[in-house]
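Participant: Everything below, folded, please.
(one chain, ligands or ions: 1)
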Amino acid sequence: MKTILLILLFTVSGLIVAKDHQLAIVIHGGAGTILKKNLSDEKEAAIKAKLTEAINAGYAVLEKGGESTDAVIAAINVMENSPLFNSGIGAVYTKEGKHELDASIMRGSDLQAGAVAGVKHVKNPINAAKEVMLNSPHVMLSNQGADKFAKQQGLETVDNNYFDTDYRYQQWQAIQHKKDVSLSEDLLKTDHKFGTVGAVAIDKNGTIAAGTSTGGMTNKAFGRIGDSPIIGAGTYADNRSCGISATGHGEYFIRYAVAHDICARVLYKKISLEQSADEVIQHELKNAGGDGGIVGLDNKGNPVMTFNTAGMYRGFKTESSDTQVFIYKKKP
Ligand code: ASP
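Facilitator: Predicted coordinates:
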């Protein structure tokens, strides 16, 4: 009798704590014309190693019972601190030869969000976005005000030339001698701006968080701001549907409200995240001429990585799958 009771108790408590989602993190490091012939074996290996490090840093937070916002920050910080990506150190150059960085983060449990645009001195812009979300009544701060706020919050600030790298300088120099391409349709078709970074994570409470961080587009002028710091365009998270981080030609992602549109289709049409991302990225956006892609998680923790370019630096780890990273359209 005692044994039966114990089994019953075990089964009932098992049912009560039965999980309806798995821990998961998915990341990207930018999309574009990323072709095997343009990437040396060493660079390919270095990028894969950094993506792996970023995924594992984020997943470690989740495994320890941490929040998805912190997992997103941990993963993005690894990429911001690497010159391989167009975010943090390694950010592209503006027309004036400076760096202006954008970032945003959103939490799907209460739709809280924070963003910074055009910052020049915050070492890790995604941390500034989190401070805006948690410690200000606002959603987006820009330029000097955002830098000042980040400093007040105790974040590390740096000289603008901290973000300099030879690689991005050469890209900028090459583009300087062409016509003004700062807002051109062709940017993603050339090797000028890969490397915006982003992450989406779901924690033990089922809270989804999404974040994106970028230097924007090479040679950008007039204080141009892309989709990455815009909630609903480059970043979105809603526990009822999904979390999304985007990368690509920002002007299109803003006009098509890509991250929000994908989540809204999941919610209203009751379709899978994979189908929704397909509709938006492979049809709506592609037909309009908008290049790029997204990574996302549904509220069960299933990762999706969809892009309409030749490649996208990307990868994920879930409770049911080890860390996996990819670069090209077809798995190499
Ligand atoms: N979406 C970014 C922007 O337009 C660039 C990128 O993802 O590569 O600023």
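
Participant: Where do the strands of the stretch 1-150 of the chain begin and end?
Facilitator: Along the stretch 1-150 of the chain, counting by DSSP state E, counting those that start in this stretch, strands occupy 24-32, 101-107, 112-119, 140-142.

Participant: export these to JSON lines and tack on distance to the ligand and mean pLDDT?
Facilitator: C-betas here are computed from N, CA, C, even on glycine. Shown next, in JSON lines, are the strands of the stretch 1-150 of the chain (distance: least, C-beta to the nearest ligand atom, whole Å; pLDDT from 0 to 100):
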{"stretch": "strand 24-32", "distance to the ligand": "5", "mean pLDDT": "96"}
{"stretch": "strand 101-107", "distance to the ligand": "6", "mean pLDDT": "98"}
{"stretch": "strand 112-119", "distance to the ligand": "10", "mean pLDDT": "98"}
{"stretch": "strand 140-142", "distance to the ligand": "14", "mean pLDDT": "98"}
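
Participant: Reformat those strands as CSV; add mean neighbour count.
Facilitator: As requested, those are exported to CSV (neighbours: other C-beta atoms under 10 Å):
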stretch, mean neighbour count
strand 24-32, 30
strand 101-107, 32
strand 112-119, 25
strand 140-142, 20
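
Participant: List the contacts of the closest residue to A74 other than its chain neighbours.
Facilitator: Distances taken as C-beta to C-beta, 6 or more residues apart in numbering place A57 nearest to A74, at 4.5 Å, with adjacent residues excluded. Residues in contact with A57 (C-beta atoms under 8 Å, 6 or more residues apart in numbering) are A74, A75, N77, V78.

Participant: again with V295
Facilitator: Residues near V295 by C-beta under 8 Å, 6+ apart: 26-28, 198-200, 244-245, 303-305, 314, 316.

Participant: Also L297?
Facilitator: Applying C-beta under 8 Å, 6+ apart to L297 gives the contacts A24, I25, V26, V200, A201, I202, I208, C242, G243, L273, P303, V304.

Participant: And those residues, which is closest to the ligand?
Facilitator: Closest approach to the ligand among the contacts of L297 (C-beta to the nearest ligand atom): V200, at 14.9 Å.

Participant: Close to the ligand: what parts of the stretch 1-150 of the chain are there?
Facilitator: The stretch 1-150 of the chain has residues G30 near the ligand, with proximity defined as C-beta under 6 Å from any ligand atom.

Participant: Do a quick rundown of the helices in the stretch 1-150 of the chain.
Facilitator: For the stretch 1-150 of the chain, the helices defined by DSSP state H, counting those that start in this stretch occupy 2-17, 41-63, 68-80, 125-135, 143-152.

Participant: angle of the third one against helix 125-135?
Facilitator: When you say that, I think you mean helix 68-80. Orientation note: helix 68-80 sits at an angle of 160 degrees relative to helix 125-135 (axes from the mean of the first three to the mean of the last three C-alpha atoms, to 10 degrees).

Participant: Wait, I231 touches Q112, no?
Facilitator: No - counting by C-beta atoms under 8 Å, Q112 is not a contact partner of I231; they are 10.1 Å apart.

Participant: any residues in contact with both of the two?
Facilitator: In contact with both I231 and Q112: M106, using C-beta under 8 Å, 6+ apart.

Participant: ok, which stretches of the stretch 201-332 of the chain are helices?
Facilitator: Using DSSP H, counting those that start in this stretch, the helices assigned to the stretch 201-332 of the chain run over residues 250-255, 258-269, 273-277, 286-288.

Participant: Okay, Y236 and the ligand: tell me how far apart.
Facilitator: Distance, Y236 to the ligand, by C-beta to the nearest ligand atom, to the nearest Å: 14 Å.

Participant: Pull the number of nearby residues for that residue.
Facilitator: Look at Y236: counted by other C-beta atoms under 10 Å, it has 33 neighbours.

Participant: That one contacts R107, doesn't it?
Facilitator: No - with contact defined as C-beta under 8 Å, Y236 does not reach R107; the gap is 10.8 Å.

Participant: low-scoring stretches of the chain, by residue?
Facilitator: Across the chain, the ranges flagged by pLDDT under 70 are 1-18, 178-194, 331-332.

Participant: middle-most residue in it, spatially?
Facilitator: Taking C-alpha atoms, centre = their mean, the centroid of the chain lies closest to G198, which sits 1.5 Å from it.

Participant: now whichever strand or helix holds it and strand 24-32, what's the angle there?
Facilitator: Following DSSP states H and E, one finds G198 within strand 197-202. Relative orientation of strand 197-202 versus strand 24-32 (the same axes, to 10 degrees): 160 degrees.

Participant: tell me how far strand 197-202 is from the chain's mean position?
Facilitator: Its chain's C-alpha centre and that of strand 197-202 lie 5 Å apart, by C-alpha atoms, centre = their mean, to the nearest Å.

Participant: Going forward, the N-terminal residue is numbered 22.
Facilitator: With the count now opening at 22, the last piece we talked about shows up as strand 218-223.
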